[in-house]
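J.: just need the structure, nothing else, for what follows:
(one chain, ligands or ions: 1)
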Amino acid sequence: MSVDTNWFTEFYEPGGSAFGLKIKAKLHDEQSAYQHIEIYDTETFGHLMVIDGCVMLTQRDNFLYHEMMAHPALFNHAAPRRVVVIGGGDCGTLREVLRHEGVQQALQVEIDERVTRLSEQYFPELCEANGDPRAQLLFEDGIAWFANAPEASVDVVIVDSTDPVGPAEGLFSEPFYRDVHRVLAPGGLIVQQSESPLYHVDLLCSVHGALRRSGFTEVKTLHYPQPVYPSGWWSATMACKDGLIRPMRLEAARRPAFATRYYSAEMHQAAFVLPPYLTAALEQVTA
Ligand code: AG3
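T.: Below is the predicted model of the structure:
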């Protein structure tokens, strides 16, 4: 196979597709205790982080993902005070969470401390809120953390993981969801990155089913573009502990006290509108 060596390419074998970025330089390469981490400087997307051959983020387009992982859940929840991010070691999701003034505690539980240390070095803008007194960074296994966390102690859980293979697999499974359900306070929400709406319909269906069987009473998927991930189109799945997912706090969402580049109340509303093929697939899911 001839691939120009000045390009980084993520080959997505199951989809028979690939996404590439033209590279200026490789800045870092290490095998951490958990995974192979590479950092590149690209021609047009700024710095790029790759884990085990999969694109994690670039400086140019991570705002799409991070804003949509944080703000819909935080504006759908009635009054989010205690937030836990599982994974998300680059701290981009944490930064968006901390933009919400009502948040009193934001805990990030990332298994691999090296991801955060490299992000501090190569993506400093994502780590700018890490010194916020409301922020706490733990480096341990998120699944174990939830198994031991007290009941009804968290308002919003954001699962910002890698693909559901290897260490992240357990984050897409019923035992984990059951623990999250127990740890969420009444009115609590979970939102999880849930892969491509084009390539991973089966995964989306299995996430919906597993969340329902774990006690979550309403499950909804939202979608947004993410050019650097397989298919260029990505999703997050949100579920509530009890009752229905509340409509977003419209006044607050319309006039956030902070700047956003992709998120708006209208984009939030629109992101929940699904194409018919996906609605049809998800309707087949029985709890
Ligand atoms: N979360 C990674 C999503 C999975 C990307 N998959 C892929 N490239 N095959 C990214 C962490 C951003 N905070």
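J.: from residue 74, how far off is the closest residue to the ligand within the stretch 51-200 of the chain?
T.: Proximity to the ligand, evaluated over the stretch 51-200 of the chain using Cβ to the nearest ligand atom, is greatest for residue 54 at 3.7 Å. (C-beta placed from N, C-alpha, C; glycine too.) The spacing between residue 54 and residue 74, counted by Cβ to Cβ, to the nearest Å, is 27 Å.
J.: who has more neighbours, these two?
T.: Between residue 54 and residue 74, counted using other Cβ atoms under 10 Å, the more crowded position is residue 74 (26 against 18).
J.: contacts only, for that one.
T.: 80, 83, 97, 100, 103, 156 (Cβ atoms under 8 Å, 6 or more residues apart in numbering).
J.: most surrounded residue in the residues you listed?
T.: In terms of neighbours by other Cβ under 10 Å, those top out with residue 97 at 30 neighbours.
J.: so who does it touch?
T.: Residue 97 sits in contact with 70, 74, 83, 85, 103, 106, 158, where contact means Cβ under 8 Å, 6+ apart.
J.: pretty sure it is in a strand, no?
T.: No - with DSSP: H, G, I helix; E, B strand; the rest coil as the criterion, residue 97 is helix rather than part of a strand.
J.: quick one: contacts for the residue of the stretch 51-200 of the chain closest to the ligand?
T.: 10, 162-163.
J.: ditto for residue 252
T.: Contacts of residue 252 by Cβ under 8 Å, 6+ apart are residue 75.
J.: ok, it to the ligand distance?
T.: According to Cβ to the nearest ligand atom, to the nearest Å, residue 252 and the ligand sit 24 Å apart.
J.: from now on call the first residue 796
T.: Okay, using 796 as the starting number, the last item reads as residue 1047.
J.: could you look up the SS state of that residue?
T.: helix.
J.: and stretch 957-965, average pLDDT?
T.: Averaged over stretch 957-965, pLDDT sits at 92.
J.: err, stretch 935-954, not the other one
T.: Average pLDDT, stretch 935-954: 98.
J.: so is it next to the ligand?
T.: No - using Cβ under 6 Å from any ligand atom, stretch 935-954 stays clear of the ligand, with a minimum separation of 9.7 Å.
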